[in-house]
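> Got a predicted model here, sequence first, then my questions.
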Amino acid sequence: LLALFRGKSTRIQDYSPGEEALLGLFFLLAMVTFRDLYGLVAFLFALGLSALLAYLCLHGVLLFTRPNLALHGWLLRRGGRLQPGAYLFSAGGLVLAVFWAHSALLQYHGFAARQAEPVLQAALRPGPGGGAAKPTLPPAADLLGRALAHVQFVERWGLLPDEENTLRLARLELLAGRPAAFEQRMRRLVERHPSDTELAVELAAHLRDSGRPDEALAVYRTHLAHRPRALTAYLDLGLLLTALQRYDEAAQTYNRARQFFPSHAALHQNMGVLAATRGDLPTAVELFRRAVEADPRRAEPRVALGRALCELQRWPQAAAELEQAVQLDPRHPQARFYLGLAYGRQARLDPAQRELEAAVDLQPGWPEAHAALAEVLAARGDREGASAHLRRAGLAPREGTGP
């Protein structure tokens, strides 16, 4: 390049500026078409493939614009007349053009389907263990229908399986009210990738939410047999066993996980939940403290610790932990609720009202938060406000009575 700028280059200009611009255009089109096609074409491979295709396409154009043309010694045109090699080159070019157009069409539909991801994120809410596909906010029917059409096109006409597209199709089918189709596709994906934790957890959570906990347990356990260090699967399996009141099995699950993750915050937190569920609040407090020490920047373990301290009626300690939780995450409704509760039990009515109002703003349909706020308002003499929140909690007083 330095020699070129100094005027000392001996490079022979094979192409005109227009032809070089055309070469660059073909290169960009090929990159857009083939990059990450079927989830298989990596960036560096796409670079080489695009350069080769651009070179061949340019020669396809030059075949009609130059009187003499050869491709690395392969004579295509001489004296304005096509040579036998040109016909073979043209036939190969036609096949390439069809494959290119097919790939471009797949990429277009795949890109259009990926635009539905924000809708998926809004409509899929994690279950108690996290990561579970669960329809909660159905997107507009026309948008969902268009997204399904795009994904189904890729699934039907792709020459190779695209498992990212298959997963997207499964999730869209669940949103469209086809849980059987979702489950069928997810089971096939899990069978092909038994060590993929995300797939196993999503399928298990769907089975759990569908009222089939035994099938969910089987999915978790099969996955852990293939991948014994899958922390998320241990956490979700333990929570499910706790919900089923199979406490000894939950404890065994967590103890197995501790062999691989002896000081993980989420594991200590889940073990604390198990202890609290069994009524052993002092042990739960100790486990929640370990979770806080292991990850002091997360609000969730502090909320769990503050809640357990509230259960033990250790209000000042609970307030101290929950204040830090609110600093870490001001939009955590449980942190604001339990902090307001702790303030209220200490007769600190102003901050109690502030925190409980924040809790009901963050989670308007929470009856317990409305009831607690009503109690604080009643203590302050605001009978009208207390009655309003009691009504929202479903505990409206009879006419002529106070809250």
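Nice, thanks for sending it over.

> Can you report how many residues lie near residue 354?
16 (other C-beta atoms under 10 Å). For the C-beta atoms, the positions are set from N, CA and C on the backbone; glycine is no exception.

> Distance of the nearest residue to it once chain neighbours are set aside relative to residue 272?
In this structure, residue 354 finds its nearest non-sequential neighbour in residue 340, 7.5 Å apart by C-beta to C-beta, 6 or more residues apart in numbering. Relative to residue 272, residue 340 is positioned 22 Å away (C-beta to C-beta, to the nearest Å).

> Give me every residue in contact with stretch 344-356, excluding its own residues.
Here stretch 344-356 makes contact (C-beta atoms under 8 Å, 6 or more residues apart in numbering) with 313, 315-316, 319, 326, 336-337, 339-341, 343, 369, 372-373, 375-377, 379-380.

> Look at the residue nearest to residue 354 and say how many residues are nearby.
So residue 340, with other C-beta under 10 Å, has 27 neighbours.

> what's the answer for residue 347, then?
8.

> likewise the one 3 residues further on?
Here the count is done by other C-beta under 10 Å, and residue 350 has 10 residues near it.

> in which helix or strand would I find it?
helix 349-362 (DSSP states H and E).

> which is the next helix or strand following that helix?
According to DSSP H and E, the helix or strand after helix 349-362 is helix 367-379.

> Residues contacting that following helix, please?
333, 337, 340-341, 344, 349, 352-353, 356-357, 359-360, 363, 383, 385-390, 392-395, 402-403.

> Give me the buried subset of those.
Buried members of these, counted by 16 or more other C-beta atoms under 10 Å: 333, 337, 340-341, 344, 352-353, 356-357, 359-360, 385-390, 392-393, 403.

> returning to that earlier point: measure the residue nearest to residue 354 to residue 207 for me?
37 Å.

> show me where pLDDT drops low in the stretch 51-200 of the chain?
117-141 (pLDDT under 70).

> quick one: buried residues of the longest strand anywhere in the chain?
Criterion DSSP state E: the longest strand present in the chain is strand 74-78. Using 16+ other C-beta under 10 Å as the test for burial, strand 74-78 gives 76-77.

> same deal with stretch 304-318?
Under 16+ other C-beta under 10 Å, the buried positions of stretch 304-318 are 304-310, 314-315, 318.

> what does it rub up against?
Looking at what lies outside stretch 304-318 - C-beta under 8 Å, 6+ apart - the contacts are 269, 272-273, 276, 281-282, 284-285, 288-289, 291-292, 319, 321-322, 325, 334-335, 338-339, 341-342, 345-346.

> Quick check: end-to-end length of that stretch?
End-to-end distance for stretch 304-318, by C-alpha to C-alpha, to the nearest Å: 10 Å.

> repeat for stretch 325-332
Terminal-residue distance, stretch 325-332 (C-alpha to C-alpha): 8 Å.
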